[in-house]
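In: with the sequence up front, the predicted model follows.
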Amino acid sequence: VHDNNQTNNQAADLNDFYLWLKEQNETNQLSRFISLQKEVNQYKFDNRQDLNDRLSRTIEALKSAVKGKPRRKHDL
């Protein structure tokens, strides 16, 4: 149960902040891996296909982790 804060809105607790931070981190990780995959494709590395396969698996895992969670709006 949340207490009301000075503006008479429900105050966010530490768990809300943790969930919000975790959601931000997952989203940032996904965008970083997508950017990294674009860079790998741009340059002609010797092991480009192996890197691309690994990045694709990581990106898909992150997408499913983000999609698998119900999206809540965290007003912090």
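Out: Right, received. Where do you want to start?
In: in the longest helix anywhere in the chain, what's buried?
Out: The single longest helix within the chain, with elements called by DSSP state H, is helix 14-42. If you call a residue buried by 16 or more other CB atoms under 10 Å, then helix 14-42 has these buried ones: Asp16, Trp20, Leu30, Phe33, Gln37, Val40. Quick note: C-beta positions are derived from backbone N, CA and C, even for glycine.
In: distance from it to the middle of the chain?
Out: Centroid separation for helix 14-42 versus its chain: 3 Å, with CA atoms, centre = their mean, to the nearest Å.
In: helices and strands around it, which ones?
Out: Contact partners of helix 14-42 among helices and strands, from 3 or more CB pairs under 8 Å, 6 or more residues apart in numbering; DSSP states H and E: helix 48-67.
In: tell me which residues of the helix it packs on come out buried.
Out: Across helix 48-67, burial judged by 16+ other CB under 10 Å covers Leu51, Leu55, Thr58, Ile59, Leu62.
In: skipping adjacent residues, who's closest to the second one in space?
Out: To tie it back to what came earlier, the one meant is Leu55. Closest residue in space to Leu55, ignoring its immediate chain neighbours: Gln37 at 4.4 Å, by CB to CB, 6 or more residues apart in numbering.
In: and the fourth one, by the same measure?
Out: The shortest distance from Ile59 to any non-neighbouring residue, by CB to CB, 6+ apart, is to Phe33 (5.1 Å).
In: likewise for the third one?
Out: Across the structure, with CB to CB, 6+ apart as the measure, the residue nearest Thr58 apart from its sequence neighbours is Phe33 (5.5 Å).
In: what residues does the one you found make contact with?
Out: Counting by CB atoms under 8 Å, 6 or more residues apart in numbering, Phe33 makes contact with Leu55, Thr58, Ile59, Leu62.
In: one more time with 10 Å
Out: Counting by CB atoms under 10 Å, 6 or more residues apart in numbering, Phe33 makes contact with Arg54, Leu55, Ser56, Thr58, Ile59, Ala61, Leu62, Lys63.
In: how about Lys63?
Out: So Lys63 contacts Glu26, Leu30, Phe33, Ile34 (CB under 10 Å, 6+ apart).
In: and the helix or strand of the chain with the lowest mean pLDDT with helix 48-67, angle?
Out: Of the helices and strands making up the chain, the lowest-confidence element is helix 14-42, at a mean of 82, by mean pLDDT, DSSP states H and E. Following axes from the mean of the first three to the mean of the last three CA atoms, to 10 degrees, one obtains 160 degrees for the angle between helix 14-42 and helix 48-67.
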